[in-house]
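**Student:** Structure, please.
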Amino acid sequence: MSNQMKIYHPLTATPFKRNRSYVELAPCKELCPYIRCYWGTDQSFVQRGNDSAPEIIIPDTCVDIIYDIDEISHTVSGSFYGINDHSFRVSGRTDTGHRTTTFAIRFYAWSAYAMAEDSLRFTMNGYFEVDSLFQWLDTVIRPELSGLKTLQERTSFAERLLCGRLSGVKENKTVDQTIQNILINRGSLEVSDLARESFVSTRQLERLFHEYIGITPKKLSNLIRYQFLWRDLLCETDFDVLNAVHKYGYTDQSHLLREFKRYHSMDMRSARTLAFQDVGNIQDISDR
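**Tutor:** Coordinates of the predicted model:
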C-alpha cells in the first residue's frame with residue numbers, strides 16, 4: 001500500500017482553507033499509507049450556530065473519525081463517517097454557547113478496514129458510533145481528549161495508538177492490488193479489467209470492495225477519476241477540458257462536465273472560484 005499515496009492525494013472542495021475551525025496535520029511516515037491527515041481546531045472557541053454559511057462537502061474518497069469536545073460540560077461525542085458518493089452541504093453546529101474543539105482522523109477509504117474491527121459494508125453515505133467499528137481506539141482515546149488541549153497533542157496521542165496497531169492490521173492483497181491499479185490508471189479501467197488483473201471474478205471483486213470499503217469498484221474508480229480531475233483543474237494554469245477528456249477516458253466533453261457537476265454539485269468554474277476564495281498559495285497542494 002505504501003506506493004499508492006505517492007500518486008494520489010485527494011482534495012476537499014476548499015483545499016486551501018485554514019482557519020480556527022479547520023487545521024490539517026500530516027501523519028507520520030509509517031501511517032501515510034493509511035491516513036490522509038488529522039484535522040480539527042487548534043484552539044477552543046465558542047461555536048455559534050450562525051457563524052458561517054453552509055459548507056460544501058465533496059466526495060474525497062476518504063472516511064473520518066470525528067470527535068467534538070465540549071469544554072464546559074466535559075463531554076466528548078464521536079462519529080465515524082463512511083465514504084460519500086455525492087456532495088452535500090453542512091450547516092453550522094447548534095448554538096450552545098459552549099467552548100468547543102474538534103479532533104478528527106481522516107483515513108483513505110480503502111485503508112480504514114486495516115484498523116477497523118468490523119466490516120465497512122453498508123457504511124457508504126452513513127455515520128456511526130466510533131466504537132461500532134473502532135472500539136479499540138475509542139475506548140482509549142475518548143477519555144483523554146478533554147485533557148489534551150492542542151491539536152498537536154491529540155495527534156501525537158492518536159499516532160502512538162495507531163502505530164501500535166500496525167503490527168496487526170488486516171490486509172487483503174486482492175483489494176490492495178486493485179486499488180493500486182485504479183490509482184495508477186487514474187480511475188479509467190473497467191471493472192472487468194480490474195478483476196482480470198487481480199485474478200478474480202467481477203462478482204468476487206465487488207463482494208470484497210463492499211466488505212472492506214463499502215462501495216463498488218466501479219463507483220470508487222469514478223470518484224478517484226473525479227479527484228484527479230479536480231486536482232488538475234486547481235493546479236494546472238493551462239487546464240484544458242478536451243485534454244482531460246482524453247487523459248481520463250471520458251466519452252466526450254459533455255460526459256466529463258456532467259460527471260464533475262454530479263459529484264461537485266456545481267460547474268467547474270464555480271467550483272474553482274469557491275476553492276480559491278481561501279487560497280494562500282497554490283504550492284500548498286501542487287507540490288504534494
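
**Student:** what pLDDT does the residue most central in space within the chain get?
**Tutor:** Centroid-nearest residue in the chain, with CA atoms, centre = their mean: Cys62, separated by 2.3 Å. Reading off the confidence values, Cys62 has pLDDT 98.

**Student:** Could you give the bridge partners of it?
**Tutor:** Tyr108 (DSSP bridges).

**Student:** was I right about it contacting Trp110?
**Tutor:** No: taking contacts as CB atoms under 8 Å, Cys62 lies outside contact range of Trp110: 9.8 Å. C-beta here means a position set from N, CA and C on the backbone, and glycine is covered the same way.

**Student:** And the longest helix belonging to the chain, how far out from the chain middle?
**Tutor:** Longest helix in the chain, counting residues (DSSP state H): helix 217-235. Distance of helix 217-235 from its chain centroid, counting by CA atoms, centre = their mean, to the nearest Å, is 13 Å.

**Student:** what comes up buried for it?
**Tutor:** Of all the residues in helix 217-235, those buried under the rule 16 or more other CB atoms under 10 Å are 217-234.

**Student:** Check which helices and strands that helix sits against.
**Tutor:** For helix 217-235, the contact count by 3 or more CB pairs under 8 Å, 6 or more residues apart in numbering; DSSP states H and E identifies helix 173-184, helix 191-197, helix 202-212, helix 241-248, helix 253-264, helix 268-275, helix 283-286 as packing neighbours.

**Student:** Please render those helices as JSON lines that adds mean pLDDT to the earlier fields.
**Tutor:** Putting the helices and strands packed on helix 217-235 into JSON lines (pLDDT from 0 to 100) gives the following:
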{"stretch": "helix 173-184", "mean pLDDT": "96"}
{"stretch": "helix 191-197", "mean pLDDT": "96"}
{"stretch": "helix 202-212", "mean pLDDT": "97"}
{"stretch": "helix 241-248", "mean pLDDT": "97"}
{"stretch": "helix 253-264", "mean pLDDT": "97"}
{"stretch": "helix 268-275", "mean pLDDT": "96"}
{"stretch": "helix 283-286", "mean pLDDT": "52"}
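
**Student:** can you put those in JSON lines and add distance to Tyr38 and mean neighbour count?
**Tutor:** As requested, the helices and strands packed on helix 217-235 are exported to JSON lines (distance: least, CB to CB, whole Å; neighbours: other CB atoms under 10 Å):
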{"stretch": "helix 173-184", "distance to Tyr38": "22", "mean neighbour count": "19"}
{"stretch": "helix 191-197", "distance to Tyr38": "31", "mean neighbour count": "16"}
{"stretch": "helix 202-212", "distance to Tyr38": "23", "mean neighbour count": "18"}
{"stretch": "helix 241-248", "distance to Tyr38": "30", "mean neighbour count": "15"}
{"stretch": "helix 253-264", "distance to Tyr38": "25", "mean neighbour count": "16"}
{"stretch": "helix 268-275", "distance to Tyr38": "21", "mean neighbour count": "15"}
{"stretch": "helix 283-286", "distance to Tyr38": "17", "mean neighbour count": "12"}
